[in-house]
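**Q** this is a predicted model, with the sequence first.
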Amino acid sequence: MKNDIMTIQSQRRLAEETYEMVLQLPHAGALTAAHTPAQKQHILPGQFLNIRLDGSYLRRPISICEWTEDTLTIIYKTVGRGTTKMSRMQTGEKLDVLWPLGNGYDLSSFGESGSVSQSAAQPLLIGGGAGVPPMFGLCRKLVETGVQPKVILGFRSAADVFYRNEFETLGAEVILTTEDGSAGIKGFVTDAMDGICYDSLFACGPEAMLQAVDEKAPAGMPGQMSFERRMGCGFGACMGCSCRTKYGSKRICVEGPVLERSEIVW
Amino acid sequence: MKNDIMTIQSQRRLAEETYEMVLQLPHAGALTAAHTPAQKQHILPGQFLNIRLDGSYLRRPISICEWTEDTLTIIYKTVGRGTTKMSRMQTGEKLDVLWPLGNGYDLSSFGESGSVSQSAAQPLLIGGGAGVPPMFGLCRKLVETGVQPKVILGFRSAADVFYRNEFETLGAEVILTTEDGSAGIKGFVTDAMDGICYDSLFACGPEAMLQAVDEKAPAGMPGQMSFERRMGCGFGACMGCSCRTKYGSKRICVEGPVLERSEIVW
Amino acid sequence: MVRETAPRTVPTTAPDTAVTLCGIEMTNPVMAASGTFGYGREFADLYDIDLLGSFSFKGTTPKPRFGNETPRIAECTEGMLNSVGLQNPGVDAVISEELPALAEVFHKPVMANVCGGCPEDYAEVTEKLEIADAQNEAQRRPQIGWIEVNISCPNVKSGGMVFGTDPKAAASVIRAVRQKTKKPVIAKLSPNVTDITEIGRACEAAGADGLTAINTLLGMRIDLKSRRPVLANTMGGFSGPAVFPVALRAVYQLCRTVDIPVIGCGGIASAENVLEMMMAGAAAVQVGSANLVDPYACKGIIEELPRVMKQYGIKALQELTAQAQVR
Amino acid sequence: MVRETAPRTVPTTAPDTAVTLCGIEMTNPVMAASGTFGYGREFADLYDIDLLGSFSFKGTTPKPRFGNETPRIAECTEGMLNSVGLQNPGVDAVISEELPALAEVFHKPVMANVCGGCPEDYAEVTEKLEIADAQNEAQRRPQIGWIEVNISCPNVKSGGMVFGTDPKAAASVIRAVRQKTKKPVIAKLSPNVTDITEIGRACEAAGADGLTAINTLLGMRIDLKSRRPVLANTMGGFSGPAVFPVALRAVYQLCRTVDIPVIGCGGIASAENVLEMMMAGAAAVQVGSANLVDPYACKGIIEELPRVMKQYGIKALQELTAQAQVR
């Protein structure tokens, strides 16, 4: 975990109450360039930032969507005063960020890029609403290592849809669902799961969605799901975001937000 | 009383922890131009603003130093977080201001400009430290009506001195005192009162200074003194700044900050 | 989220902000809290105070009081301390000067905040106000709607919070007031107690028709330069947005304990805060310190209420109070 | 204002931040408060925690506890609510895993925060820690400096605040702990009481060597969309800069009442806050919620202390505590 002051490089409205912000890291190339190992940050899809916002006491955790050598992209909803103010911030303004936080998705099972296991793997990625952004980083990472994931994106309505094109540009097969049918398939993400061939599952979204996905997916199939909890600190100190698992209590902010499907207690 | 958003036109450091800020009124010419009478504001020297500052809960009362048709000038000390932040504000930034507050100095005894009573009047103005700014507006007003006031300005040290030249430019005779003698006469303002001819007294400064001035001045001589109190609201609602006078309790923010010498209870 | 689709002027869709407090109808639940609104004059110069649901006037004692020595005010993070100590002109001057002046600018029932050093003081103030108002009644509607009994002022040595922290003492004051008036009697409670519901129940049993929760928390600040307390009176009452969670908790606890309405007070600074208080069970609310920082605070909150109600799909405020009660 | 004229390295002019708490010397008075610093590991990854005066570890019970259901955290104006409910791995795991790990990264006496549902629970945790630490003592200095008795957690149904709001119950817990340890016993007090000095005196009489004031205020928030409490446990403990004036008042009241040292806790977020607490009489301070918002909060405060002491002309922090006592 590092505490950095990041500069807003750009911000745009993506959909209803939904914004994309690109943050510039304090040292260009901080993510991958030849810094000393201690300075170099390694990011996994599913990890998050904890951002201090003017007018809020607690930091606001926001998942990382994408990253380059010197930028981080986040997508967030304006749910309260803090994020509404954030959506009005201008290019060049600064944010106080703790990062990267959480465990992220474990992709070690996919092995080396270009291996046989890669091309044969059939992961299904499911993102619902504010759960879509971490799926993008995950999708990109999988594509980069030679895997062709299938993606289901679920939103409430056409006005809420974002990043469909971005996923398709990565080369992913995208199925869109909206609750009111105003775009894509009418219904929930689970309504789009029938008939899709997949051998592993990665999901992020509201807990009710995750549970429905888990019930629909074949029992015993490998999978990882990212959970949301109200957090105090975001780095394991306050025990505010604890969660029961089959292997004991875990902190969503440190041992999560990604849990193995096999350990989840619904 | 009005509640206006004013724009910072300029700001400069005058002395040790002392800043001068010029505020632009929301409507040019608001003070004297031909608005409807209800919109037109009349200002008296000794009145003050109550300014909302980021990071402070209560507003901060600051006395008016000077004014033009569309600007107000204030001088303030950086005594805490709020005023320190204020001193870093840039031209063009906005402040939420309640104004004008308080009674101000009553100059009705000086009669019409150019009258015989004007040229014969010998008022003495005494300002100590943060009590200097209202004396400037008062001095200007008196000069404008044909009176030639004498002025004593008291500061702790040479580094704290401000506005000496501005007073002299008005045509006033200025005597400067500093406690450590690093500029002007060494001592307190009261040490400069000997040998000055005056027939009325106007003072603003720390309460200990006001009391010393009162004791030094001839008993019964007309005079007005402006008091400071920690205020809650600044407009008479909270009774936070009450003060005992010979004619009962008065609110420093409404029936003050200027009290007649004859009514003061030390 | 429910969006505003119909113009506000269509009465069938306009959110209903009306509430009833102890049988008295109010156009909206927003009152100014005692001690932050004087006797109304300062604010009537700024806006039409008939906009208010009502307000509670400055705590009034039998005799005029200067209050405590100054400084009486201290700044805090998102709040303030006051140790004013019930400065007021005394009940006789209130009847002869303040109330007639108020009648010119405020045409709704006002809440009379009464205080004293012993139960008899409270009774005396109440009785005088009751008699004066009965004489008014001949010509016009009664001017005083409710008697608010301040048993929670932390800034006076005798009376005030001394009564509000002991159930028996609280009951004795309420009984003394109850005997002198037919108007609804509201007990204003202190949060500086181990169990506020115990005090609330004692007041209800003694005949109170409603409760106001909360008065200020006991707080203190020290000046780093002088190393002495900022307030001349050492400690004072802490109020402002900082105390809102404590006030909300007290209102919630009381609403599940007593059968009389509770007025939520403490740190309210927005229409959203009003809704949250009413979701906790409050029948009405009082806005306090906010009036001192922004003299238009009550006006702004009242004007914002319909928009925020629509945002959260609330048709009538009274529903919130009722829902909270059965929960 | 006193200006910094000499370089910090000149020992004769460097402000002296050292304090003594119940006979144990500390290089500075800043401790992290229990429940905001875990058992130290998370922060040791970020900075050298030997910088701290000390810290109080997570409230520890005889058996492992999951705590309350989530959500356990709510945002407030300049503060937060928590209803964690004493999640901890139990005293046996603390002894076998946490304390050995801590010994690697923290080389000063730590404060052990103990809790339970009955006096026997507190006694059991204390006894086990005492025995384990005595075995440590053979090899190195004792790891545990003080036992902090948490009789003020608002988030557990039995134990916690139930003990801290009644002087007899508080005394019974302190006596139970007192019998099991030779280390200084510190009672951590709740502000949710009518008279905190009554509880403080009862703890002192029962053998406490010091007091920590305050634990969290009881607070609540409601979610406007769901119209339900934000916290699964309905109410929670309110902390953060918002509560500082209440904490300062409690410390001041206690310091004028008891003869044992008081640790000031509640809303401290700056070196200035530390000075103010010590001017109220605190012998040391605990920084709580600030650690959660800024993991470097304690480090920053400690590094700022000498500069702020010089600004206010303070040569030695212990002077402040002493001055407050005689005032």
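**A** Nice, I can see it. Numbers count the residues shown, from 1 in each chain, chains lettered A, B, ... in the order given.
**Q** for chain D, what are the nearby residues on the stretch 51-200 of chain A?
**A** A:52, A:56-59, A:80, A:98 (Cβ under 8 Å from any Cβ of the partner chain). Where C-beta positions appear, they are placed from N, C-alpha and C, glycine not excepted.
**Q** one more pass at 10 Å, please.
**A** Residues of the stretch 51-200 of chain A found near chain D (Cβ under 10 Å from any Cβ of the partner chain) are A:52, A:55-60, A:79-82, A:96, A:98.
**Q** which of those residues has the most neighbours?
**A** Per-residue neighbour counts (other Cβ atoms under 10 Å in any protein chain shown) across those peak at A:Leu58, which has 26 neighbours.
**Q** would you list the phi and psi of the closest residue in space to C:Ser54 that isn't next to it in sequence?
**A** Sequence neighbours aside, C:Met31 is the residue nearest to C:Ser54 in space, at 4.8 Å (criterion: Cβ to Cβ, 6 or more residues apart in numbering or on different chains). In terms of degrees, to the nearest 10, the main-chain angles of C:Met31 are phi -110, psi 150.
**Q** residues contacting C:Met31?
**A** Going by Cβ atoms under 10 Å, 6 or more residues apart in numbering or on different chains, C:Met31 touches C:21, C:37, C:52-56, C:110-111, C:146, C:148, C:212, C:263, C:265, C:284-288, C:298.
**Q** out of those, which are inside helices?
**A** Of those, the ones assigned to helices by DSSP state H are C:Cys298.
**Q** of the contacts of C:Met31, grab the buried ones for PyMOL.
**A** To isolate the buried ones among those in PyMOL, judged by 16 or more other Cβ atoms under 10 Å in any protein chain shown, type:
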select buried, chain C and resi 21+37+52+53+54+55+56+110+111+146+148+212+263+265+284+285+286+287+288+298
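**Q** strands - which of the contacts of C:Met31 land there?
**A** C:21, C:54-55, C:110-111, C:146, C:148, C:212, C:263, C:265, C:284-287 (DSSP state E).
**Q** could those go into JSON lines alongside pLDDT?
**A** Shown next, in JSON lines, are the ones in strands among the contacts of C:Met31 (pLDDT from 0 to 100):
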{"residue": "C:Leu21", "pLDDT": "97"}
{"residue": "C:Ser54", "pLDDT": "98"}
{"residue": "C:Phe55", "pLDDT": "98"}
{"residue": "C:Val110", "pLDDT": "97"}
{"residue": "C:Met111", "pLDDT": "98"}
{"residue": "C:Trp146", "pLDDT": "98"}
{"residue": "C:Glu148", "pLDDT": "98"}
{"residue": "C:Thr212", "pLDDT": "98"}
{"residue": "C:Ile263", "pLDDT": "98"}
{"residue": "C:Cys265", "pLDDT": "98"}
{"residue": "C:Ala284", "pLDDT": "98"}
{"residue": "C:Val285", "pLDDT": "98"}
{"residue": "C:Gln286", "pLDDT": "98"}
{"residue": "C:Val287", "pLDDT": "98"}
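**Q** and those residues, which is closest to chain A?
**A** C:Val287 (18.9 Å; Cβ to the nearest Cβ).
**Q** measure A:Gln9 to A:Asn50 for me?
**A** 19 Å (Cβ to Cβ, to the nearest Å).
**Q** who has more neighbours out of the two?
**A** When neighbours are counted by other Cβ under 10 Å, A:Gln9 and A:Asn50 differ, and A:Asn50 comes out ahead with 25 against 16.
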